[in-house]
Structures are given as C-alpha cells and as structure tokens.
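Participant: model this:
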Amino acid sequence: MAITVESFGKNRDGKDISIYTITNSNGASIQVSDMGAVWVSVRMPDKDGKFDDVILGFECGEEYEAEVRDALQAAD
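Facilitator: Here you go, the predicted structure:
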C-alpha cells in the first residue's frame, strides 16, 4: 500500500488543502481531502481490469468549498 499527499488548492481563508491518495498493491485507489475527509476519487477496475473513477467529484478543493457553501445557503 502506498500513501501520497498533494496540494488540492486553498480554502477561502487562504489555507492549503491537501489530497491524500491511498493505493493498494492491485492498483485500486481512493483519494480523500483534509476538508473533513471528503472522498474525492475512487478508482476501481471494471470486469475487464480497466481502472476508472467511480464517484463524481470536483477538480480542486475550492470547488468543494463552493459546493458546500451553496448547499448551506440553499438550506437557509
């Protein structure tokens, strides 16, 4: 198993957002951010062994933060 950490942008306060990728020995992986352990990506093989992301997500932390902000405003 391998774990890597990369930059995933900055939050509205200017603090760095990180994304953690955990990959097993078969190549399957998950990505989570340090914004409340938001699941960003899950790459799993299909029946033919081709890996693809199986969850919908955004490209950067700023997009996640904007989505949460919009959802909270809509709930008011």
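
Participant: ok, and what's touching stretch 45-53?
Facilitator: Here stretch 45-53 makes contact (C-beta atoms under 8 Å, 6 or more residues apart in numbering) with Asn26, Gly27, Ala28, Ser41, Val42, Arg43, Met44. All C-beta atoms are positioned from the backbone trio N, CA, C, and that covers glycine.

Participant: dihedrals phi and psi, the last one?
Facilitator: Spelled out, it's Met44. phi -130, psi 150 (degrees, to the nearest 10).

Participant: beta-bridge partners for it, please?
Facilitator: On the basis of DSSP bridges, Met44 is bridged to Asp52.

Participant: so how far is Ala2 from it?
Facilitator: 16 Å (C-beta to C-beta, to the nearest Å).

Participant: neighbour count winner among these two?
Facilitator: Met44 (15 against 9; other C-beta atoms under 10 Å).

Participant: isn't that one right next to Ile55, touching?
Facilitator: No - contact criterion C-beta atoms under 8 Å: Met44 and Ile55 do not qualify, at 9.8 Å.

Participant: the nearest residue to Val38 once chain neighbours are set aside: how many residues sit nearby?
Facilitator: Once flanking residues are discounted, Val38 sits nearest to Tyr64: 5.7 Å by C-beta to C-beta, 6 or more residues apart in numbering. By other C-beta under 10 Å, 21 other residues sit near Tyr64.
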